[in-house]
Structures are given as C-alpha cells and as structure tokens.
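J.: no FASTA, just this:
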C-alpha cells in the first residue's frame, strides 16, 4: 500500500447540513470537530507506508476510527459499519453521506502498521498536541498517576496445564513445519495424550498421580527436543516461539539429573520453583506475567494512567504506559516523567500512591523540576515497630566524615559504598562488635551476634525520603495528598466504560496500543463535557451513608 498525503478538506455540504439538522442539541463528535479542528494529518503516518503500490485509505481517518472504536467498545466489523451508516462519524471523518467506507480488515492492518513503526503513541499524543495548541493543556501545574491490572487474552493455566499445553502447542507448530518428520518420531500414545487441549482432559486428582503425569509430560518434551536438535529442521524448529517456550518452561519446572544412564528429569515441587523469576504463563502469549497485589491475583499486564488535575482546567489523560504484571510501579515512574517531559507536559507536582514512591526517584524527579507527592513506604524493621527501639532515624549521620553515631554515643568506622543487584547504590556502616556487646541498650538496637549494621541511602535520597515522610505526617500534607484520589475515578471510568481491564489482543505491544486508544477516547468524552460546561461529578454518597456522624 502506498500513501499520497492529501490536504485536509472541509466537511461535505450535504453531510454538514444533515448532521446539523439531526443533532440540534449537540453531539460529541460534531463538537470535537468544530472545537478542535484537524487532529491527525496524513503526513503523521508517512513512514508507515510505501511510496509505490495501491493507494491506502487516509491514515488520519483510520486513526480517528480506532479511537472511536474503543470509545464505544466496538469490534472491527461494528466500527467499519459505523463509518458506513452513522452521520456523526461521517461528519468527524469529513465523508460524503454516500461514502461506503472500507472493509473491516483495514483496521487490523492499520494497527499492525502502527506497531511495526512503533508509533501507537500518536493516537494520544497528537490529540494532546492539538489541545496544547489551543491552551487546553500545558506544562506545569498538577498531575496524578495510578495503575490497574489488565487481564491477558488467554486462559489462566496451572503449572501442570501450562507444561502440557506448551508441549501440545509446539507439536501443532511442528506439524505444520515438518509433518512427515513429526509423524516418524511421535509415539502413537501422543495422539491421545496431546490431541486435544489439556484442560479438556480430566487431570489426575491425587498428588502422586499428578506428579507422575507431570513426569510423563517432561520426558515427552525432552524426547521431542532431543529429536529436534538431531534433525535436519533443527534451526527452523528451534526458532519457533512455542519451541522456545517449551525450553524455558522445562528449565523452570524440571530439574535435570545426570546419572549413569544419562540425563533424566524430575518434576520440581511448588516450593522448589523460583518465585522471584517471572516465567511464561501461556505458550499463546509469552509476555503475560502472574502478579499478586493487595490480595488480588491476575495474569496479564499493568496499565499506568496519568492525568492533569488542576482545579480550573479540563482533566485530560496525558500519558499511558503498559508493562507486564511482574514490573513494580516504582520501576515505571522514571519513564513516565521522561515521557511527560518529552511531550512538553512536565508537571510541577505529581501525585502518586506509595507504590510509586522511591527515594532515588524522588531525587531524580527534583532534578527534573518535578515534586513527587505521595506517602513513602514505612520502615518495616522491628526497631520501627517496637516502642523505644533504635530505628535508623535515631542515629546521627555525619555525611562529611562518613560516620554514624548511635544514641549511646558510639561511632562506626567510615562506611563503604556498595551497589545492589538492581544497580541502586547504598552505604554500608558497621558498629564495632565490642561496643555493641557491652552496650546496655543492646536489646533496643540489634539481635545480631556481631555489631549493629546499617544500610543507608546516599545523602540526597536519604534526606528526600525523610522529608517526604515528614510531610505526609502533617495535617496539611494529608489534606494536600487528597488530590490524588481523583485518579481512582479515572481508572473506574476506563474499566467500566472502555474495557481497560481486559486486553483484546495477544502481546504487550497490542495491549499497549489498546490502552493508548482508550486514553484518547477518554479525552474525547472529557473535552466534550468541558466544551458543554458540564461540571465534574462529585463522589456519590448514599442517603444512609450521609447520615453518618462526622
């Protein structure tokens, strides 16, 4: 497909006349067109198309249709039908009333082009750029961020189902790649064992039988991989995604034992499986991850939404980030700040919850001119939870001489600088063993056989963390932080109105494109309400709840 950019044309006369006659009381899409004007132009997408070939449908129209599709939670077929049949869509897209639209498959092809060009962010960023030109959003001011879970478009599998289904998926792909070779090496019982989806079988209920079944699957998988490595199709077969998933899951769930008769496999118990290393949850979407947070578990992704929250302006979604579920929120805050700065939408104050607050990131944000407002996670040491005990706040730190003095007046040797496995720096200070053994307040300080040790943050991070904790303990700090609560309403709007919590597609890239389109769709609703003068809704309180004493 080739792209020959065309200049923006006005709304056709017949479409304008009919739309204004039908929607006398206003319509979101008519209002959006009249107030904002062109949001996308063909030249925004020039790099996605060839210079030769059949002419493509105007990508600026496809971008708008993609946003409208998620605003109304439509399938590709329904969205294409709306282009053909709805007057308000034709008005926004500047189409003749007699325009027959396009085949629904064009939308899928357009999404693929966006992801191939890594420009799915244009769906939201171009709308924000137009709003910035009109003064509806600007740098500075206040913004807030929160996250929610996004379920992957897969069926959740337990460990036994996962290994069985992964082997079945690999067999299916190899059957397409090399059917004759697979027919030669596959035992007859495999056709019964892996002929249908694993969850369709009645799996063993007894622990010993389930372990034996898992052992059988492991041996079958190892046999398949060995045959594949010795075959003529080794390179092609090992390049298959399902075969790579098979190798990863076997290393994760089985232990290799070297014996006199060769290498054998043993099914690991649940306690032996590493919980710190995320693993593949499904052969059909290898990017989804398991996560447990606040008593809720899911397999999928996390969506981070940021929005403006100044009192005298329209609250617009300014950024959407999507990560796999295993990534912690604190790991995303730096990327969010960098993205907002790149969009020329850097906030002066950024309101977040405790999951996003990290001491080192507090310092980095200050250097970028951003004040991160949020409650730091409390110190979880037993000294903090025991009245009168010596937590780290009770120690006097001499940053210049690299020494720490305890409440009893004893000092450490000069501390040493170290780096954690994550790459974060820290300072290691140790008190002399003899000083601690002779101390009368030892029971309030440490249970270690040696002297008390302290792991300290660098000075700037240590002071930033202490300052943030002190602010949150004041009444003014708590009152100021109440502004963050509004982002929960944004999350609820995205979940209930736009399907934010459930991915339509397989893979992180497609899920992120979906979330970008949802963010833009939410802004369409908010802009229409702003232009119409609709005030922000207040939190609903039942008649009975209103009777509660203050």
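T.: Yes, it's here. Small disclaimer: the values here were computed from a predicted structure and weren't measured.

J.: can you pull the contacts of residue 89?
T.: 29, 65, 68, 82, 83, 95 (Cβ atoms under 8 Å, 6 or more residues apart in numbering). Yep, even glycine has a C-beta here, placed from its N, CA and C like the rest.

J.: Mind checking which of the residues you listed are in helices?
T.: Among the contacts of residue 89, DSSP state H puts 29, 65, 68, 82, 83 in helices.

J.: Nearest to residue 392 among the contacts of residue 89?
T.: residue 68 (54.0 Å; Cβ to Cβ).

J.: Quick one: residues contacting the closest one.
T.: Taking Cβ under 8 Å, 6+ apart, one finds 29, 74, 79, 82, 89, 92, 521, 524 in contact with residue 68.

J.: In which helix or strand does residue 266 reside?
T.: Assessed by DSSP states H and E, residue 266 sits inside strand 262-267.

J.: what are the pairing partners of the helix or strand immediately after that strand in the chain, and which direction each?
T.: Counting by DSSP H and E, the next helix or strand C-terminal to strand 262-267 is strand 289-293. With DSSP bridges as the test, strand 289-293 is paired with strand 296-308 (antiparallel).

J.: from memory residue 190 sits against residue 221, does it?
T.: No. Applying Cβ atoms under 8 Å as the test, residue 190 and residue 221 come out as separate, 11.0 Å apart.

J.: Show me which of those two is the more surrounded one.
T.: residue 221 (23 against 17; other Cβ atoms under 10 Å).

J.: still on that earlier bit, direction included, what does the strand holding residue 266 pair up with?
T.: Here, using DSSP bridges, strand 262-267 pairs with strand 254-259 (antiparallel).

J.: Just the mean pLDDT for the strand it pairs with, thanks.
T.: Regarding strand 254-259, the rounded mean pLDDT is 84.

J.: Residues touching it, excluding its own?
T.: Contacts of strand 254-259 (Cβ under 8 Å, 6+ apart): 218, 222, 263, 264, 265, 266, 267, 268, 272.

J.: Could you do stretch 95-105 as well?
T.: Taking Cβ under 8 Å, 6+ apart as the rule, stretch 95-105 contacts 12, 14-15, 18, 57, 61, 75-77, 79-81, 83-84, 87, 89-90.

J.: ok so, going back, so what's the gap between the strand holding residue 266 and the chain middle?
T.: Chain-centre distance of strand 262-267: 37 Å, with Cα atoms, centre = their mean, to the nearest Å.

J.: Buried residues, it. List them.
T.: 265, 267 (16 or more other Cβ atoms under 10 Å).

J.: now swap in stretch 265-276 and tell me
T.: Under 16+ other Cβ under 10 Å, the buried positions of stretch 265-276 are 265, 267, 268.

J.: what's the closest of the ones in helices among the contacts of residue 89 to residue 181?
T.: Of all the ones in helices among the contacts of residue 89, residue 65 has the smallest distance to residue 181: 45.2 Å, by Cβ to Cβ.

J.: which residues in the stretch 1-150 of the chain form strands?
T.: Under the criterion DSSP state E, counting those that start in this stretch, the stretch 1-150 of the chain contains strands at 142-151.

J.: er, the stretch 351-500 of the chain actually
T.: 371-373, 396-398, 403-405, 416-419, 425-430, 453-456.

J.: Return the member of the buried residues of stretch 265-276 nearest to residue 128.
T.: residue 268 (48.5 Å).

J.: Look up phi and psi at that closest one.
T.: Residue 268 adopts backbone torsions of phi -70, psi 150, taken as degrees, to the nearest 10.

J.: Okay, it and residue 252: tell me how far apart.
T.: Look at residue 268 and residue 252: by Cβ to Cβ, to the nearest Å, they are 8 Å apart.

J.: With residue 323 instead?
T.: Per Cβ to Cβ, residue 323 is found 21 Å from residue 252.

J.: Which of these two has more residues huddled nearby?
T.: residue 323 (20 against 17).

J.: Count the neighbours of the residue nearest to the more buried one when sequence neighbours are not counted for me.
T.: Distance criterion Cβ to Cβ, 6 or more residues apart in numbering; nearest residue to residue 323, sequence neighbours excluded, is residue 302 at 5.1 Å. Residue 302 has 22 neighbours, counted by other Cβ under 10 Å.

J.: same check, this time on residue 439
T.: Neighbours of residue 439 (other Cβ under 10 Å): 20.

J.: just the one 3 residues further on next, same as before
T.: Burial of residue 442, expressed as a neighbour count using other Cβ under 10 Å, amounts to 17.

J.: Skipping adjacent residues, who's closest to it in space?
T.: That would be residue 436: by Cβ to Cβ, 6+ apart, it lies 6.0 Å from residue 442.

J.: list the contacts for the one you found?
T.: Contact partners of residue 436, counting by Cβ under 8 Å, 6+ apart, are 410, 442, 445, 446, 448, 450, 451, 452.

J.: same question, residue 181
T.: Residue 181 neighbours (Cβ under 8 Å, 6+ apart): 174, 231, 232, 233.

J.: Same question for residue 500.
T.: Contacts of residue 500 (Cβ under 8 Å, 6+ apart): 148, 150, 303, 491, 494, 515, 518.

J.: What subset of those residues is buried?
T.: 148, 150, 303, 491, 494, 515, 518.

J.: would you turn the contacts of residue 500 into CSV with pLDDT?
T.: CSV is the format used below for these (pLDDT from 0 to 100):
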residue, pLDDT
148, 96
150, 96
303, 97
491, 95
494, 95
515, 97
518, 97
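
J.: Surely residue 136 and residue 313 touch.
T.: Yes. At 7.3 Å, residue 136 counts as touching residue 313 under the criterion of Cβ under 8 Å.

J.: So which of these two has more stuff around it?
T.: Taking other Cβ under 10 Å, residue 136 and residue 313 do not tie; residue 136 has more neighbours (20 against 15).

J.: And the pLDDT for that one?
T.: You'll see residue 136 listed with a pLDDT of 95.

J.: ok, now residue 52?
T.: For residue 52, the pLDDT comes out at 66.

J.: same deal with the one 10 residues further on?
T.: Residue 62 is assigned a pLDDT of 94 by the prediction.
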